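# Here you go, sequence then predicted model.
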Amino acid sequence: MDYSELIKNRYSCRKFEDRAVEEEKIEKMLKAADLAPSACDLQPQRILVLTDEEQLKKVDECTRFGFGAPLNFLICYDREKSWHRRRDNVDHGIIDTAIAKTYMMLAATDMGLGTTWVCSFDEQKARELFNVPDNYVIEGFLPTGYPAEGASELHFKRAGEDAISFRNMFD
């Protein structure tokens, strides 16, 4: 799939088949995260792969947006490893993590998998249930799996305006 087709076909999948994702596809998604650029190439992202039933039940305790996916990723970054801008100490770990997560979503789409970006969750509950160290910032979850029939129905019903309409907004 070429890039234009890839970004056109990627959508937030909220319905998944009850089918495990193959280990080689999980590894490709993790490799994609590894290849993502990060500030000063510090690669602060830390990704927990959640595949067994007990782990997935824990996801459901943290968020109502697990969507029954057979695979989920808990995406974090290590604030002690991320780059902080000198003049104001802004932490760029969240940006690095967002880029890595985007690469993972595009890799998943290329392999016929669906994903959705989940940022609505109980951070304290996730930290406790998954033993997340204090120096890790939890960015969110990435439910992943094979899209169920009808999963893409809402994809072309866009709520916002096209980005192109903002091209000359600041002229």
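Now that the structure is in, tell me what you want to look at. Residues are numbered from 1 along each chain as shown.
# Do I have it right that Thr144 meets Asn72?
Yes - the pair Thr144 / Asn72 is scored as a contact, 6.6 Å apart, by CB atoms under 8 Å. For the C-beta atoms, the positions are set from N, CA and C on the backbone; glycine is no exception.
# so for the strand or helix carrying Cys76, what's the average pLDDT?
Here Cys76 sits within strand 71-78, counting by DSSP states H and E. Computed over strand 71-78, the mean pLDDT rounds to 98.
# That strand - contacts with which helices or strands?
strand 45-50, helix 53-62, helix 93-110, strand 136-145 (3 or more CB pairs under 8 Å, 6 or more residues apart in numbering; DSSP states H and E).
# If I take the third one and strand 71-78, what angle do their directions form?
Counting by axes from the mean of the first three to the mean of the last three CA atoms, to 10 degrees, helix 93-110 lies at 160 degrees to strand 71-78.
# Compute the inter-axis angle for helix 93-110 and strand 136-145.
10 degrees.
# so what does helix 93-110 touch, helix or strand wise?
helix 3-9, helix 23-35, strand 45-50, strand 71-78, strand 114-115, strand 136-145.
# Need the contact partners of the second one.
This points to helix 23-35. 43, 45, 47, 49, 51, 71, 73, 100-101, 103-104, 106-108, 111, 113, 144 (CB atoms under 8 Å, 6 or more residues apart in numbering).
# Can you flag the buried ones in the residues you listed?
Taking 16 or more other CB atoms under 10 Å as the criterion, what is buried in these is 43, 45, 47, 49, 71, 73, 100-101, 103-104, 106-108, 111, 113, 144.
# Among those residues, which one sits closest to Asp60?
Lowest distance from Asp60 to the buried ones among the contacts of helix 23-35 (CB to CB) belongs to Leu71, with 13.9 Å.
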